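> Whatever this is, show me its structure:
(2 chains)
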There are 2 protein chains.
Amino acid sequence: MLQLNSKHGTQSSVNNEVAWIVTRSDILFRNPHLEVRDETVLIPGEDRPRRWTVVGRKKAIVVAPVTVEGRFVLIHQARIPVQRWLWEFPAGQVDETKSPTLEQLQDTVLRELAEEAGYELRPEGSLTYLGHYFPSQGFTDEENHLFVAKPVRENGVGFQPEHAEAISQHKEFTLDELRSMIANSEIQDANTLALFARMVAAGIVW
Amino acid sequence: MLQLNSKHGTQSSVNNEVAWIVTRSDILFRNPHLEVRDETVLIPGEDRPRRWTVVGRKKAIVVAPVTVEGRFVLIHQARIPVQRWLWEFPAGQVDETKSPTLEQLQDTVLRELAEEAGYELRPEGSLTYLGHYFPSQGFTDEENHLFVAKPVRENGVGFQPEHAEAISQHKEFTLDELRSMIANSEIQDANTLALFARMVAAGIVW
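Okay, here's the model as predicted:
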């Protein structure tokens, strides 16, 4: 059985704000990967609407897989927009809906853990939810949900990334190695940095 | 005089990779805030070019302002794409160029520190560069550079955000408060989380 450890609610419960009113939303460009919208929004408490360019994206998950020995599994992925090979925690989009339930997020975590790294939760393992974050809140509604999967093990099948993805390898790193890679800027993606920050702040790693 | 403490080079020196070859780049959409491109890229070592949708964005800086007492200055900003008021470190884009020098990044840091928070470096203060990160490397070339400004003080003028920005206030937080806000998902933006991760890993906070 999959257990879930969480002190975090789903994304709505951490922001008990009055709903913002979108008075106009025109799609300027759309393809299967993103949607550019010209929106006019009324911020609660203001009387003058603001106009903004918003890029719509699917929701996503990021997972820190931790072995019995306390090692972190990272993948080495070619990232075309930034023209770099990066070491990162596995991550992936939720394809089914833009308002995923916690169960749909968990399913995506386990799917990406297998596809991108070739790992699975051990029978006694569980997922811990560490809340969401916004990769670039100034221009996109992209929202990524952070999980720790512990303990994990290789699934015996190996990683099988989607055709479009260029993942060359995965590797287990100790906490000291992970910390060094963050300190010396070898880790460069928001997903891994944000999840590390949450794990440190929550006292899961130190 | 502005001093710079840095063990990090500029963005190019942390990635000594063979240059990636962009064989085709068509602009699908462009406005003053972003550019959507359809690119075909040859990854070094591969013989089959890959086609990708890339959103081009200006480079940016993020700054953790730290007072003599060790408090962190955060601003409270309305973020229209995610329809939330967020507590964040001050941040801003480099308008002049897409290949900023370290000096241009520093100028942007000091400008945003004044505009968004109403703070300045104290005479004995310095900026520490903690490298760059990519907010969403799967779809945008956006690249943000991370700085600590220490120690800072209020500049006596107050914050004067650009007309388009909705910043309601700034506030100083202790490290314990900052850590709690990260642990309980009150801090939700990649900028603040990434900078916290680098500061922790570099041993600047713990």
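
> Now do the SS call for A:Ala19.
coil (DSSP: H, G, I helix; E, B strand; the rest coil).

> contacting residues for the residue lying closest to A:Glu112 once chain neighbours are set aside?
Distances taken as CB to CB, 6 or more residues apart in numbering or on different chains place A:Gly92 nearest to A:Glu112, at 3.8 Å, with adjacent residues excluded. Every C-beta, even on glycine, is put in place using the N, C-alpha and C of the backbone. A:Gly92 makes contact with A:Ala60, A:Ile61, A:Thr108, A:Arg111, A:Glu112, A:Glu115, A:Glu116, according to CB atoms under 8 Å, 6 or more residues apart in numbering or on different chains.

> Which helix or strand contains A:Gly92?
Element membership for A:Gly92 (DSSP states H and E) is strand A:91-93.

> Centre of the chain to that strand, how far?
Its chain's average C-alpha position is 6 Å from that of strand A:91-93, according to CA atoms, centre = their mean, to the nearest Å.

> The closest residue to A:Phe89 other than its chain neighbours: how many residues sit nearby?
Nearest residue to A:Phe89, sequence neighbours excluded (CB to CB, 6+ apart): A:Thr192, at 4.8 Å. Neighbourhood size, A:Thr192 [other CB atoms under 10 Å in any protein chain shown]: 26.

> Please tell me I have it right and A:Thr192 contacts A:Ile75.
No - here A:Thr192 lies out of contact with A:Ile75, judged by CB atoms under 8 Å, at a distance of 10.2 Å.

> okay, the angle between the helix or strand in which A:Val54 is found and strand B:50-56?
If you go by DSSP H and E, A:Val54 is part of strand A:50-56. Relative orientation of strand A:50-56 versus strand B:50-56 (axes from the mean of the first three to the mean of the last three CA atoms, to 10 degrees): 160 degrees.

> before we move on, the earlier item: just name whatever secondary elements the strand or helix carrying the residue nearest to A:Phe89 is in contact with.
Under DSSP H and E, the secondary-structure element containing A:Thr192 is helix A:190-201. Applying 3 or more CB pairs under 8 Å, 6 or more residues apart in numbering or on different chains; DSSP states H and E, one finds that helix A:190-201 contacts strand A:60-67, strand A:84-88, strand A:119-133, strand A:144-154, helix A:175-183, helix B:175-183, helix B:190-201.

> Mind doing that once more with 6 Å?
The contact analysis (3 or more CB pairs under 6 Å, 6 or more residues apart in numbering or on different chains; DSSP states H and E) places helix A:190-201 against strand A:60-67, helix B:175-183, helix B:190-201.

> wait, is A:Glu116 part of a helix?
Yes - judged by three-state DSSP, A:Glu116 forms part of a helix.

> thinking A:Val152 is in contact with A:Pro65, fair?
Yes - assessed by CB atoms under 6 Å, A:Val152 is found in contact with A:Pro65 at 4.3 Å.
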